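> quick one, structure for this:
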Amino acid sequence: MDTTYYDHGTAAERWERARMFFEAKDYSAAARVLGGLVEEVPEQTGPRLLLARSYYHSAQLRRAEAELRTIVELDPVEHYARLMLGRTLQRLGRPGEAVPHLRIASALGGDFEEA
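Numbering: from 1, shown residues only. Take a look at the predicted model:
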């Protein structure tokens, strides 16, 4: 597959292109752009999180899980990554694994259950 369109331009141009694809709900195209961008700047959470969201919305759940686990490993208090990881695990039929991530996301978001 020819990916020159997806890989063309500066990192900032590719980020904007990926966001446009995502906002247009073309999640697979967004993921194609973001894959290269994440390889280029693996330490940045923003592109990796949008890549995980693109995978999630295009039903590439195992890939979404892998990206989200990487984010959580790099930044354990990343609230949205925890929430997305929990939701992804639920969709994968692994609710037991999802619960701790959803609880942590809830706590990080300030949503505490009353006893």
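> distance of residue 78 from residue 71?
6 Å (C-beta to C-beta, to the nearest Å). The way it works is simple: take the backbone N, C-alpha and C, and place the C-beta from them, glycine included.
> can you check which residues contact both of the two?
Here residue 78 and residue 71 have 45, 49 as joint contacts, going by C-beta atoms under 8 Å, 6 or more residues apart in numbering.
> which non-adjacent residue is nearest the residue nearest in space to the middle of the chain?
Centroid-nearest residue in the chain, with C-alpha atoms, centre = their mean: residue 52, separated by 2.2 Å. With C-beta to C-beta, 6 or more residues apart in numbering as the criterion, residue 52 has its nearest non-adjacent residue at 3.8 Å, and that residue is residue 67.
> do residue 83 as well
Ranked by C-beta to C-beta, 6+ apart and with sequence neighbours excluded, the top spatial neighbour of residue 83 is residue 105, at 3.9 Å.
> with residue 7 instead?
Here the residue nearest residue 7, using C-beta to C-beta, 6+ apart, is residue 36, at 5.2 Å.
> just give the number of residues close to residue 58.
The number of residues packed around residue 58, counting by other C-beta atoms under 10 Å, is 17.
> what residues are up against it?
If you count contacts by C-beta under 8 Å, 6+ apart, residue 58 has them with 27, 28, 31.
> for the residue nearest to the centre of the chain, give me phi and psi.
Geometry field for residue 52 lists phi and psi as phi -60, psi -40, criterion degrees, to the nearest 10.
> related to what we said a few turns ago, distance of the residue nearest to residue 83 relative to residue 68?
Using C-beta to C-beta, which is the criterion applied here, residue 105 is 11 Å from residue 68.
> ok, the two, which is more surrounded?
residue 68 (29 against 20).
> does the more buried one touch residue 87 like I think?
No. The pair residue 68 and residue 87 fails to qualify as a contact (C-beta atoms under 8 Å) at a distance of 9.4 Å.
> may I see the buried residues of the helix or strand of the chain with the lowest mean pLDDT?
Sorting the helices and strands of the chain by mean pLDDT, DSSP states H and E puts helix 4-7 at the bottom, at a mean of 74. Buried residues in helix 4-7, defined by neighbour count with 16 or more other C-beta atoms under 10 Å: residue 6.
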